[in-house]
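[1] Return a 3D structure for these sequence lines:
(one chain, ligands or ions: 1)
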Amino acid sequence: MLSNEKQDHGTGIDLSHHLSAVSRARKISPLRGLQKYMSKPGLVSLAGGLPSAEYFPFASVTGEILVQNSFPLNTESESSRNWFWKLFSRAEKERTTSFTVDKYPKHPGDLSLESSLQYSLASGQPQLQEIVHEFVERVFQPGYSKWATLIHTGNTAGFHAVVQTILNPGEGLMVSEWTYPGAMAIVQPYDIRAIPIGMDIEGMSSISLRQTLAEWDESARGMARPHVLYVIPIGQNPTGTTMGVARKREIYDICVEYDVIIVEDDPYFFLQEGKYLPKSERVPEPELDDEAFIASLAPSFLKIDYQGRVIRMDTFSKTVCPGARLGWFTCNPMFAERFERTTEASAAASCGLTQMRMNQKRTRVYVASLLLNWRYTGYMRWLKGIVIRGM
Ligand SMILES: Cc1ncc(COP(=O)(O)O)c(C=O)c1O
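    Residues are numbered from 1 along each chain as shown. Predicted coordinates:
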């Protein structure tokens, strides 16, 4: 878990009254509590159950990564290619760079199988944490200083951890009237009831949200006023709507007024394509540098958040591959610490090498290697390329 002390727009407020009974009751895992003793010289630990890396049957892992500029930024040059030929011809070979992760690190800070394949902290590998933290700082620019990032195993698992951490059975969860069925499947068995909020062309309506909260009648509804809002602001699933910054501000202000936590599930953030134009009316857009590209996107709720009441979930599922089962939270450190405890008691940590399914070799080692290879500018270039490709 990393926190950012550089910007100083405030440090957020105490929101611990939102924690669920389960989360309040959850203590640090006893094994995690022992970790501080593990580095003591001469200590022979029989407690952690850590197998020796010597016996891991992997000597090294090697992969080929597509180069970051595999997809052109110019829509014209892309569409002028003959797709049929491209699909069936081997002449246009994909350009790649290779990486190898050895069992033992050659240089300090290298990824190694010795640590990647070992039991690890629920918070994620430090190298990946650093990349993710820099990314959030530069792209989402949270509006308060002490935010934290925490690796998770994709937004599905991330949302499950959120539900366990801030919702109690019998409570309501505000959602758009059309929403992601995967999220509903998570809350339903906990007896958490969906409270539908009306929608318009920008997704969740702030008018409907205010009305729901202002007119909440506890005895008629049989439950307290809801304190959690789940929203998919960009490329809303299933309607495809995208929410502009003015609407986000309105929703955020209402949530401040009624003390509501915003859960921002945003897998499609980079797939913002602007107003729809038929292909015949499109003109080639100038290539944008990273700053201009970020400025052209509707910002995350994080940028508006000066109190630390936004829990943002990002995933690599749509920008790298779903089989990676990897993503991260950005939220205030109090929530991040609780999510870390929840992860310790479920997956323990996200996958070190493979998903435990046959023939599936997509891994955190791979994603970390990929991002270490591309770094920030390379990943941004990749994102810009896939946005243009998808248009
Ligand atoms: C809104 C939304 N949230 C979460 C997910 C799943 O994300 P992940 O693969 O990170 O679990 C999807 C996938 O379709 C989605 O549309």
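[2] all helices for the stretch 1-150 of the chain, in order.
    21-25, 30-38, 75-79, 83-88, 113-116, 126-139 (DSSP state H, counting those that start in this stretch).
[3] elements contacting the last one?
    The helices and strands touching helix 126-139, judged by 3 or more Cβ pairs under 8 Å, 6 or more residues apart in numbering; DSSP states H and E, are strand 2-3, strand 148-152, helix 290-295, helix 364-390. Quick note: C-beta positions are derived from backbone N, CA and C, even for glycine.
[4] Tell me how far it lies from the chain's centre.
    11 Å (Cα atoms, centre = their mean, to the nearest Å).
[5] List the buried residues of that helix.
    Across helix 126-139, burial judged by 16 or more other Cβ atoms under 10 Å covers 127-129, 131-133, 135-137, 139.
[6] Same question for the first one.
    When neighbours are counted by 16+ other Cβ under 10 Å, the buried residues of helix 21-25 are found to be 22-23.
[7] Low-confidence stretches in the stretch 251-391 of the chain?
    349-366, 368-369, 389-391 (pLDDT under 70).
[8] please redo it, this time with the cut-off set to 50
    Applying pLDDT under 50 to the stretch 251-391 of the chain picks out residues 354-364.
[9] how about stretch 250-268, does it reach the ligand?
    Yes. For stretch 250-268, a contact with the ligand is found by Cβ under 6 Å from any ligand atom, at 265, 267.
[10] distance between that stretch and the chain's centre?
    The chain centre lies 16 Å from the centre of stretch 250-268; the measure is Cα atoms, centre = their mean.
[11] give me the element the residue most central in space within the chain is part of.
    Residue closest to the mean C-alpha point of the chain, counted by Cα atoms, centre = their mean, is residue 314 at 1.7 Å. With secondary structure defined by DSSP states H and E, residue 314 is part of strand 310-315.
[12] now the residue nearest to residue 196 when sequence neighbours are not counted: how far from the ligand?
    Closest residue in space to residue 196, ignoring its immediate chain neighbours: residue 177 at 4.1 Å, by Cβ to Cβ, 6 or more residues apart in numbering. Separation of residue 177 from the ligand (Cβ to the nearest ligand atom, to the nearest Å) stands at 15 Å.
[13] Residue 177: what's it in contact with?
    Residue 177 is in contact with 196-199, counting by Cβ atoms under 8 Å, 6 or more residues apart in numbering.
[14] now with 6 Å?
    196, 198-199 (Cβ atoms under 6 Å, 6 or more residues apart in numbering).
[15] Helices - which of these land there?
    The helices, defined by DSSP state H, take in nothing from the contacts of residue 177.
[16] Sitting in strands, which of those do you find?
    Counting by DSSP state E, the contacts of residue 177 place 196, 199 in strands.
[17] wouldn't residue 210 be in contact with residue 254 here?
    Yes. Residue 210 lies in contact with residue 254 (Cβ atoms under 6 Å); the separation is 5.3 Å.
[18] one step back: possible to save the buried residues of helix 126-139 as JSON lines with pLDDT and distance to the ligand?
    Conversion of the buried residues of helix 126-139 to JSON lines gives the following (pLDDT from 0 to 100; distance: Cβ to the nearest ligand atom, whole Å):
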{"residue": "127", "pLDDT": "74", "distance to the ligand": "20"}
{"residue": "128", "pLDDT": "78", "distance to the ligand": "15"}
{"residue": "129", "pLDDT": "83", "distance to the ligand": "18"}
{"residue": "131", "pLDDT": "85", "distance to the ligand": "17"}
{"residue": "132", "pLDDT": "90", "distance to the ligand": "14"}
{"residue": "133", "pLDDT": "92", "distance to the ligand": "19"}
{"residue": "135", "pLDDT": "93", "distance to the ligand": "16"}
{"residue": "136", "pLDDT": "96", "distance to the ligand": "16"}
{"residue": "137", "pLDDT": "95", "distance to the ligand": "21"}
{"residue": "139", "pLDDT": "95", "distance to the ligand": "17"}
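[19] just the residues you listed now: which is nearest residue 295?
    Sorting these by distance to residue 295 puts residue 139 at the head of the list, at 10.7 Å, by Cβ to Cβ.
[20] What's the local residue count around the residue nearest to that closest one when sequence neighbours are not counted?
    Spatial nearest neighbour of residue 139, excluding adjacent residues (Cβ to Cβ, 6+ apart): residue 294 at 5.6 Å. Residue 294 has 16 neighbouring residues, counting by other Cβ atoms under 10 Å.
[21] Taking strand 148-152 as reference, get the angle to the host helix or strand of residue 338.
    If you go by DSSP H and E, residue 338 is part of helix 333-344. Inter-element angle recorded for helix 333-344 and strand 148-152: 20 degrees (by axes from the mean of the first three to the mean of the last three Cα atoms, to 10 degrees).
[22] packing partners for helix 333-344?
    Here helix 333-344 touches strand 148-152, helix 155-166, going by 3 or more Cβ pairs under 6 Å, 6 or more residues apart in numbering; DSSP states H and E.
[23] Compare the mean pLDDT across the ones you listed and name the weakest.
    With a mean of 93, strand 148-152 has the lowest mean pLDDT of the helices and strands packed on helix 333-344.
[24] how far is it from where the chain is centred?
    For strand 148-152, the distance to the chain centre is 8 Å (Cα atoms, centre = their mean).
[25] swap in stretch 328-345?
    So, by Cα atoms, centre = their mean, the centroid of stretch 328-345 is 12 Å from its chain's centroid.
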